[in-house]
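Q: give me a model of this one.
(chains A and B)
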Amino acid sequence: MRKTFTISVFTENSIGLLNRITSIFTRRHLNIESLNTSESELAGVYRFTIVVRTTEDQIKKLVLQIEKQVEVLRAVFHEDDDTVFQEIALYKVSTKSVADGNLVEKLIRDNHARILSMEQDFMIIEKTGHKEETQELLRFLKEYGIIEFVRSGRVSVMKPMNESIELRKRISNF
Amino acid sequence: MEALLTQVDKKIRTTGADAVLKSLIAEEVALVFGYPGGAIMPIYDALYNYQEEIRHVLTRHEQGAIHAAQGFARATGKVGAVMATSGPGATNLITGIADAMIDSTPLVCITGQVGSHLLGSDAFQETDIISISMPVTKWNDQVTKAEELPEALAKAFYIAQSGRPGPVLIDITKDAQFEEFDYQYKKCEGIRSYNPVPQLDHEQVKKAAELINGAQRPFVVFGQGIILSGAEEEFKTFIEKTGIPTASTLLGLSALPTDHPLNMGMLGMHGNYGPNKLTNECDLLIAIGMRFDDRVTGDLNTYAKQAKVIHFDIDPAEINKNVYAHVPVLGDCKEALTELIRNVRMNSHPVWHQRFKDYEKVENDLVIGEQITPTTLEMTMAEVMDSINRFTNGDALLVTDVGQHQMVACRYTRFNQSKSNITSGGLGTMGFCLPAAIGAKLGAPEREVIAVIGDGGFQMTIQELGTILQTQAQIKIVILNNSFLGMVRQWQQLFFDKRYSSTEMENPDFVTIAKGYGVAGKSINDREDLAHSIQEMLNHKGSYLLEVHVGKEDNVFPMVPSGASVSDIRLS
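A: Numbers count the residues shown, from 1 in each chain, chains lettered A, B, ... in the order given. Okay, here's the model as predicted:
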């Protein structure tokens, strides 16, 4: 059965490593749902957050293949229940179409969204949340005409404390 | 050499190109296979100064260079070194790199690249070899500054040969080759993100030993891991102490002498009857340094389901990849076997052993006998190999290409010592044999190297006869000519209603071609000429090509049809 998994990969910072990691998915005809990279709390250690839908059997093998890469320090995977994750979405809408004060207030309050920028002819709304939530706001705003929409990749941290500690220890021991 | 090695400790002002050569010498590379071109000219120019220390073998194609380096690496256990220019030079290496990756062969490939200011500009002979080679290299790196070279090369050699070996590619821009810098070389001893040899878990070895001590019908399947780890002696001690019958993968052949009483032969699609059949009757399957390739397992859903599985491997990604391991033992198999030997009891399994012998008799009666002493007019590939055995007594180093001749040669050749079987296993690269044989001979000049090739594969890298001419490498080439792409034809016969689509070959006069390259040769059609022609070939000083016309539509049996269970192995 296919499920959504979040893979966290801790790596050295080297040119081409992204390519090396993504080719492991490509080779298995797997689509990456989202991907984010950033520096981790450990100096010089980068963290990839990759979301993929696949089977448990496949994800186990996939993570071992990722970890096998010379510049990968560690790769782990989690199901959604074992992580806290978030995405951010930006919406550009015409100021005129949502200018009605009540609508703007309702929009912001009901969705826990905020206005990042307001210009004469457009405004930028920001919302963070899970995909379903940002998607819901998108659906809502579509009625008023949406000019641009973009959603980030997932960022995620794992819940189990013992795992975080073990991982940290392992990486800083290298 | 001494002087150069000591010099690496203190800084020397030199160019990137010179630094490449100095680094190769520091890594004890004495032989490089390659082909020059524009973007690697500074390195070739520097090479000119080191003709005493490094022998460069000019092949006739970059694919020839890399297969030769593979042959060298497999025959010697050392890293094979390759040089090629940018663009087509680099892309021509790809098949060999992929082959080395899947067969765990240590290689360091050095490619020239256009100047760093031209990267991404579609410059002449520019290709993104880093991206192209990424999925088929263990590691690769592009160097754009001379000062980065020593570390990149030191890492390359370390990564290529440590843990599970594999190919590494270093791409060096032309400006980095010209650039002067203060050179200093230090061998790489570790990389923080890379753990090549997992620490042996003593508990796992104990668990494995318990299962082995309690098993009624244990069966050992071994692969190239034994050879790569240099664990031949430990392996032999282990099976002799426990009395467990064993069988080899294609790449594991020669790790244990063929005539060892516990060696039951080869596994897999064209392996021996007993090892395949009894895989599904053993109660304990002990896999050592092998990766359960689909050509070994056949249908995984019906593979050794009745057995507990112990899997010894150095690569964590191999555990549970294809076959679930009840007891995985991660680590170097030499170390693991040394410890295992201490934990297992002396034992023997005569009844179980006899089962293999019984199947061996069936295979002898129904396949092997007819193959090596055929009643047909036409010669068989097997009788050629059998005849070669008689003269070499199992002491030759066999290099094969891919296809029917490969399966027959590997099935019928006797091996007395390790590293005697070099073939393209995982990738199945036609054209591998001739250059690999050259590399093997140059790496192990004391060995008698016999290259057994089909008429198809020979023509894929036939130009390497030129490398033989230039190096005077003495190899014996046996062309088993059936005027067909035999293995494909066999499948067409068995599974595609004999629709021989594009498999029949009209071949040139191979002996005349060989003659053009200064290689003596002979072509034979008749059985009565076989033995003395082989003797003539082996006695000949220098390279020799013997073309043997064999039956056009002979098939290789036994055979596990693709996707079938190993139990369903066919004898005809």
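
Q: near chain B, which residues of chain A?
A: Residues of chain A lying close to chain B by Cβ under 8 Å from any Cβ of the partner chain are A:11-12, A:15-16, A:19-20, A:23, A:27, A:60-61, A:64-65, A:67-68, A:70-73, A:174. (Each C-beta comes from the backbone N, C-alpha and C, glycine too.)

Q: buried subset of those residues?
A: By neighbour count, with 16 or more other Cβ atoms under 10 Å in any protein chain shown, the residues of chain A next to chain B hold A:11-12, A:20, A:61, A:64-65, A:67-68, A:70-73, A:174 as buried.

Q: circling back: in helices, which of the residues of chain A next to chain B fall?
A: The helices, defined by DSSP state H, take in A:Asn19, A:Arg20, A:Ser23, A:Arg27, A:Lys60, A:Lys61, A:Leu64, A:Gln65, A:Glu67, A:Lys68 from these.

Q: what residue lies at the spatial centre of chain A?
A: Compute the mean C-alpha point of chain A, and by Cα atoms, centre = their mean the closest residue is A:Arg154, 0.9 Å away.

Q: and what about A:Val93, helix, strand or coil?
A: strand (DSSP: H, G, I helix; E, B strand; the rest coil).

Q: please report how far it lies from A:Ala99.
A: Plainly put, A:Val93 is 10 Å away from A:Ala99 if you go by Cβ to Cβ, to the nearest Å.

Q: which of these two has more neighbours?
A: A:Val93 (20 against 11; other Cβ atoms under 10 Å in any protein chain shown).

Q: quick one: the more buried one from chain B, how far?
A: A:Val93 sits 38 Å away from chain B, taking Cβ to the nearest Cβ, to the nearest Å as the criterion.

Q: what residues are up against that residue?
A: Residues in contact with A:Val93 (Cβ atoms under 8 Å, 6 or more residues apart in numbering or on different chains) are A:Phe122, A:Met123, A:Ile125, A:Leu141, A:Tyr144, A:Gly145, A:Ile146, A:Ile147.

Q: buried residues, the helix or strand of chain A with the lowest mean pLDDT. List them.
A: Counting by mean pLDDT, DSSP states H and E, chain A has its least confident helix or strand at helix A:101-111, which shows a mean of 81. Residues of helix A:101-111 classed as buried: A:Val104, A:Leu107, A:Asn111 (neighbour count, 16+ other Cβ under 10 Å).

Q: same thing with stretch B:260-277?
A: Residues of stretch B:260-277 classed as buried: B:262-277 (neighbour count, 16+ other Cβ under 10 Å).

Q: same question for stretch A:5-23, mean pLDDT?
A: The average pLDDT for stretch A:5-23 rounds to 95.

Q: gap between the two ends of it?
A: In stretch A:5-23, first residue to last residue: 18 Å (Cα to Cα, to the nearest Å).

Q: how about stretch B:75-83?
A: 20 Å.

Q: does it reach chain A?
A: No - applying Cβ under 8 Å from any Cβ, one finds stretch B:75-83 separated from chain A by no less than 15.8 Å.

Q: re the thing from before, which of the buried ones among the residues of chain A next to chain B sit farthest apart?
A: By the measure Cβ to Cβ, A:Lys61 and A:Phe174 form the most distant pair in those, at 23.7 Å.

Q: take the ones in helices among the residues of chain A next to chain B and write them to CSV, including distance to B:Glu448.
A: As requested, those are exported to CSV (distance: Cβ to Cβ, whole Å):
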residue, distance to B:Glu448
A:Asn19, 44
A:Arg20, 41
A:Ser23, 42
A:Arg27, 40
A:Lys60, 46
A:Lys61, 42
A:Leu64, 41
A:Gln65, 40
A:Glu67, 43
A:Lys68, 38
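
Q: and which of those is nearest B:Val323?
A: A:Lys61 (12.4 Å).

Q: the spatially closest residue to that closest one that is not a sequence neighbour - how many residues pack around it?
A: With Cβ to Cβ, 6 or more residues apart in numbering or on different chains as the criterion, A:Lys61 has its nearest non-adjacent residue at 5.9 Å, and that residue is B:Lys321. By other Cβ under 10 Å, 18 other residues sit near B:Lys321.

Q: can you show me the strands along chain A?
A: Ranges of strands within chain A are A:3-11, A:32-39, A:46-54, A:72-79, A:83-94, A:114-118, A:122-129, A:146-151, A:155-158, based on DSSP state E.

Q: of all those, which one is nearest B:Gly64?
A: For B:Gly64, the closest of the strands of chain A is strand A:72-79, at 33.9 Å, according to Cβ to Cβ.

Q: skipping adjacent residues, who's closest to B:Asn481 in space?
A: B:Asn481's closest residue in space is B:Asp455 (Cβ to Cβ, 6+ apart), at 4.2 Å.

Q: thought A:Val72 was touching A:Phe10?
A: Yes - the pair A:Val72 / A:Phe10 is scored as a contact, 7.3 Å apart, by Cβ atoms under 8 Å.

Q: how does chain A divide up, domain by domain?
A: Split into domains by automatic domain parsing, chain A comes to A:3-83+A:159-173, A:84-151.

Q: now these in JSON lines, with distance to B:Leu47?
A: Converted to JSON lines, those look like this (distance: least, Cβ to Cβ, whole Å):
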{"stretch": "domain A:3-83+A:159-173", "distance to B:Leu47": "28"}
{"stretch": "domain A:84-151", "distance to B:Leu47": "53"}
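
Q: for the least confident helix or strand of chain A, enumerate the helices and strands it packs against.
A: Judged by 3 or more Cβ pairs under 8 Å, 6 or more residues apart in numbering or on different chains; DSSP states H and E, the packing partners of helix A:101-111 are strand A:114-118, strand A:122-129, helix A:131-142.

Q: out of these, which is the most enclosed?
A: For the helices and strands packed on helix A:101-111, the largest average neighbour count (mean count of other Cβ atoms under 10 Å in any protein chain shown) is found in strand A:122-129, namely a mean of 18.
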